[in-house]
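# Only the shape, not the letters, is given here:
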């Protein structure tokens, strides 16, 4: 991956007014930690593929395993991680459990995907 160089300040100046504003608006450490953990869960390509599939349609483990060419066990493991992170939710219909994205996750995924796709549209 090629990184563009960034511009840096040529002088060392502390902007106390900016620091005061940002300090007042910064959330506590715990929610920031939780955001970081959420992005770690998103940071796995297998889980990203599952999220992408569930963004299109709710699916059961069998369907996800067939779609992604994975074992039921491997898909179940990933779904368990996604469920603990509140990224997916499940509902049971008879003997089949269907998975779908939890609230707001579709929006987060769509925004992240749009951001990445800008690279390919240039």
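That came through, no problem. What you see is a predicted model; the values in this text were computed from it and never measured.
# For the residue nearest to residue 50 when sequence neighbours are not counted, give its distance to residue 104.
Nearest residue to residue 50 in three dimensions, chain neighbours excluded: residue 78, at 5.7 Å (CB to CB, 6 or more residues apart in numbering). Where C-beta positions appear, they are placed from N, C-alpha and C, glycine not excepted. The span separating residue 78 from residue 104 equals 20 Å under the rule CB to CB, to the nearest Å.
# so how many other residues sit close to residue 103?
A count of neighbours around residue 103, defined by other CB atoms under 10 Å, yields 8.
# cool, and residue 100?
15.
# which residue sits closest to it in space, ignoring its chain neighbours?
Distances taken as CB to CB, 6+ apart place residue 58 nearest to residue 100, at 3.9 Å, with adjacent residues excluded.
# before we move on, the earlier item: the more surrounded of residue 78 and residue 104?
More neighbours sit around residue 78 than around the other of residue 78 and residue 104, counting by other CB under 10 Å; the figures are 22 against 10.
# Got the phi and psi for that one?
Note on residue 78: backbone dihedrals following degrees, to the nearest 10 are phi -70, psi -40.
# longest helix anywhere in this structure?
Secondary structure assigned by DSSP state H gives helix 105-121 as the longest helix of the chain.
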